[in-house]
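Novice: Predicted model and sequence follow; I will ask about them next.
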Amino acid sequence: MIKVVVVGGGWAGCAAALSAAKAGAQVVLLERTDLLLGTGLVGGIFRNNGRFTAAEEAIAMGGGDLFVAMDANSRHRGINFPGHSHASFYDVTTMEPLVKKILQNYGIEIKTRTRVSSVVKYGKKIQSLADDNDEVISGDAFIDTSGTSGPMGNCLKYGHGCAMCILRCPTFGPRVSISAKAEVKEIMGKKADGTYGAMSGSCKLNKDSLSPELKEQLEKEGMVVIPLPENLKKSGMLGKKACSQYAIADYAENIVLIDTGHAKLMTPFFPLDMLRTIPGLERARYEDPYSGGVGNSMRYLGIAPCSNSLKVDGIDNLFCAGEKSGILVGHTEAVVTGLLSGHNAVRCCLDMQYLELPPELTSGDFINYIHEQMKTEEGIKLRYTFSGSIYFERMKKLGLYSAQRSEINDRVIKAGLNDVYNTCLV
């Protein structure tokens, strides 16, 4: 039986494992920590702006399991907040067990607390991996969804030091890139000023540390906008954010809180003593990262060069997804790329032609556009997402953005890709 090994259990890795299993492979998912979803454990925003289109495309293509789970676990739906329409917020405190159960129902073997430390190659193919306990994991195809955040040394060099974030490098060991271990020369994303990396775009506050009135409003309405006094406005921080869709004046001039189970504070960091001068936040305490008043985790420090099929350059049986595959932002973006990489990993084992999503689909244009832009000096300084900034503007200009399910379904059918991820290839 064909065996596919996925390294990294974030949203991209979970989607890759799912689509590989649906295509007929035996799948092993390796995760460094004790929980799946990675930054999805503190994220929670989906279906906002063009992410609605991308999610519905994936559902029409047969890859909707994870989006259906997010929908079922939403705290709020159809929320409009600065720069964003029809957003949903899933509950970050209960999402992970639900996703884990879905994967297990497809027969996927999940090995947590498994940190890959070495790669064995023969020519241009990976034969096996080994973890910190010297256990050997062999496979026919491999998928690198290890992400681009951290480890601690990078957070110190390019950021404000270890932020003690949800990735928990001090506890479970630094992130290991399979692509780098396979001697692939990786790409580093840059900020607008030319320095490397980007800070994660939000922090999380403990909701019980808010005033009762503010907590009640947040849970009732799903989001709260609090105007900042002039001395606390923070426009200089916007260029540092990974989530460039929030790099607009509303987020410099206001505190924006979103209810994802935590109170999601839409800024990379905010000094605690200053935060506590704002009415309703006098007792505020950071839930993640614990040093949220000083800094946040650094990302885009190890991107694998790859084709639009998401095969990693130079290695015949290695694929990638999520931030590993390009300077992209968000859970939806991770799932979309994960589905494609898992499907193509099985095609690789069967000597089939790889699937590349056509530009008539948002997802296809997105992947191609990112890869083209990353070849340019300016493009490597940008971040790409369905939900805002440069790519959402492109979606609208090309007529790819839609919030009409029937229109999106018709587009997928016309492309000949209806239910493609539900097709067993083996």
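Specialist: Received it, and whenever you're ready, just let me know what you need. Numbering: from 1, shown residues only.
Novice: any idea how far Leu232 lies from Ala252?
Specialist: Noted for Leu232: a distance of 10 Å to Ala252, by CB to CB, to the nearest Å. Glycine gets a C-beta too; all of them are placed from N, C-alpha and C.
Novice: now swap in Lys100 and tell me
Specialist: Distance from Lys100 to Ala252, by CB to CB: 38 Å.
Novice: Compare the two (neighbour count), which wins?
Specialist: Counted by other CB atoms under 10 Å, Lys100 and Ala252 do not tie: Lys100 has more neighbours, with 20 against 17.
Novice: From Leu18, how far out is the more buried one?
Specialist: Taken as CB to CB, the span from Lys100 to Leu18 is 12 Å.
Novice: domains of this structure?
Specialist: Taking automatic domain parsing as the reference, the chain has its domains at 3-194+298-422, 200-288.
Novice: what is the rounded mean pLDDT of the longest one?
Specialist: Translated: domain 3-194+298-422. For domain 3-194+298-422, mean pLDDT is 96.
Novice: before we move on, the earlier item: quick check: which of the domains of the chain is buried the most?
Specialist: domain 3-194+298-422 (a mean of 21; mean count of other CB atoms under 10 Å).
Novice: Need the distance between the two termini of that one.
Specialist: Counting by CA to CA, to the nearest Å, you get 18 Å between the two ends of domain 3-194+298-422.
Novice: Which strands or helices does the helix or strand harbouring Ala15 pack on?
Specialist: When elements are defined using DSSP states H and E, Ala15 is found to belong to helix 11-22. Packing partners of helix 11-22 (3 or more CB pairs under 8 Å, 6 or more residues apart in numbering; DSSP states H and E): strand 3-7, strand 26-30, helix 65-72, helix 95-105, strand 141-144, helix 331-349.
Novice: what angle separates it from strand 3-7?
Specialist: Counting by axes from the mean of the first three to the mean of the last three CA atoms, to 10 degrees, helix 11-22 lies at 170 degrees to strand 3-7.
Novice: Would you mind getting the angle between helix 11-22 and helix 331-349?
Specialist: Relative orientation of helix 11-22 and helix 331-349, computed by the same axes, to 10 degrees: 40 degrees.
Novice: In the stretch 201-350 of the chain, mark out all the strands, start to finish.
Specialist: For the stretch 201-350 of the chain, the strands defined by DSSP state E, counting those that start in this stretch occupy 203-205, 223-227, 254-259, 263-265, 286-288, 298-299, 318-320.
Novice: What would the longest one look like as PDB? C-alpha coordinates only.
Specialist: Meaning strand 254-259. Taking Å, rounded to 0.1, in the frame of the first residue of the first chain, the C-alpha atoms of strand 254-259 are listed here in PDB:
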ATOM      1  CA  ASN A 254      -8.400  51.300  17.600                       C
ATOM      2  CA  ILE A 255      -8.300  48.200  19.800                       C
ATOM      3  CA  VAL A 256     -10.100  45.500  17.800                       C
ATOM      4  CA  LEU A 257     -11.200  42.500  19.900                       C
ATOM      5  CA  ILE A 258     -12.700  39.300  18.400                       C
ATOM      6  CA  ASP A 259     -14.300  36.500  20.200                       C
END
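Novice: Run through who's touching that strand.
Specialist: Contacts to strand 254-259, defined as CB atoms under 8 Å, 6 or more residues apart in numbering, come from residues 44-45, 75-76, 79, 81-82, 89, 205, 207, 214, 218-219, 222-228, 250, 263-267, 270, 278, 281.
Novice: which one of the strands of the stretch 201-350 of the chain lies closest to Glu378?
Specialist: Nearest to Glu378 among the strands of the stretch 201-350 of the chain is strand 298-299 (18.9 Å), distances taken as CB to CB.
Novice: Looking at the strands of the stretch 201-350 of the chain, which is nearest to Glu135?
Specialist: Of all the strands of the stretch 201-350 of the chain, strand 318-320 sits nearest to Glu135, with 19.8 Å by CB to CB.
Novice: helices and strands around the closest one, which ones?
Specialist: Where contact means 3+ CB pairs under 8 Å, 6+ apart, strand 318-320 is packed against strand 141-144, helix 178-181, helix 331-349.
Novice: is it possible to export the ones you listed to a markdown table including distance to Val294?
Specialist: Formatted as a markdown table, the helices and strands packed on strand 318-320 follow (distance: least, CB to CB, whole Å):
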| stretch | distance to Val294 |
| --- | --- |
| strand 141-144 | 31 |
| helix 178-181 | 28 |
| helix 331-349 | 26 |
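Novice: Can you tell me which of those is nearest to Asn105?
Specialist: Nearest to Asn105, of all the helices and strands packed on strand 318-320, is helix 331-349, at 15.9 Å by CB to CB.
Novice: Before I go, just wanted to say thanks for your time.
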